[in-house]
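**Q** what follows is a protein structure lacking sequence information:
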């Protein structure tokens, strides 16, 4: 399978590219391709989410699945986290890609929970993720999965998580990446919005428990 990772040089993306490369041919998409990643199964691809849909679609030719794990880290929420994400969805459809996996944020589709203290001062970020998720679920024909973890921590992964989350918690980046990889292997996740946190259930089992 050929997999395109948008945001391949980010905290999540770099590890995701490496994990996927053991099983798939991976295109690592970024505005700053990493020449140091010389894995045989990884190709560095220039992609600019500020560009037009047609140009983004050209970079997806022959791709079987797209991951969107890019983010501006608060610097350009409208053009990257929101409109850039939507353009990548439009590009995927234009390029004939069906499978699309989005990394979002916990409760992005539940604005009534944004004022809770665990989310901190992230309202603008949540708005961007909210409308990107809404577009994906209502305005595309993509075989989507949306993963919504809580706060990301640079901690060792345990391979164990919880889904069907009602009370959010922290997530090791390694566990998030392992879950993203497992989602691609599990077609039962298509059409699902998955809330997650670190927990006590092996990832594959936790995905099968999604309501």
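**A** On my side now, so go ahead. Values in this document were obtained by computation on a predicted structure and should not be read as measured data.
**Q** buried set for the top helix by length along the chain?
**A** Once the chain is assigned using DSSP state H, the helix that runs over the most residues is helix 123-139. For helix 123-139, burial by neighbour count (16 or more other C-beta atoms under 10 Å) applies to 125, 126, 127, 128, 129, 130, 131, 132, 133, 135, 136. C-beta: built from backbone N, CA, C; applies to glycine.
**Q** equivalent analysis for stretch 171-187, please.
**A** By neighbour count with 16+ other C-beta under 10 Å, stretch 171-187 contains the buried residues 171-184, 186.
**Q** mind listing the strands for this protein?
**A** Under the criterion DSSP state E, strands of the chain are mapped to 2-6, 25-30, 42-46, 65-68, 99-103, 143-149, 152-153, 160-163, 171-172, 192-198, 201-202.
**Q** any stretches of this structure with poor pLDDT?
**A** Across the chain, the ranges flagged by pLDDT under 70 are 35-38, 117-120.
**Q** distance between the ends of stretch 143-156?
**A** Using C-alpha to C-alpha, to the nearest Å, the end-to-end distance of stretch 143-156 comes to 31 Å.
**Q** ditto for stretch 195-211
**A** 11 Å.
**Q** which residue packs closest to the spatially most central residue of the chain, ignoring adjacent ones?
**A** Residue closest to the average C-alpha location in the chain (C-alpha atoms, centre = their mean): residue 103, at 2.5 Å. Nearest non-adjacent residue to residue 103, counting by C-beta to C-beta, 6 or more residues apart in numbering: residue 69, 4.4 Å away.
**Q** is it true that the one you found touches residue 13?
**A** Yes - contact criterion C-beta atoms under 8 Å: residue 69 and residue 13 qualify, at 4.6 Å.
**Q** so what sits against both of the two?
**A** 5, 6, 7 (C-beta atoms under 8 Å, 6 or more residues apart in numbering).
**Q** could these be laid out in JSON lines, adding neighbour count and distance to residue 191?
**A** Putting these into JSON lines (neighbours: other C-beta atoms under 10 Å; distance: C-beta to C-beta, whole Å) gives the following:
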{"residue": "5", "neighbour count": "30", "distance to residue 191": "21"}
{"residue": "6", "neighbour count": "28", "distance to residue 191": "21"}
{"residue": "7", "neighbour count": "26", "distance to residue 191": "23"}
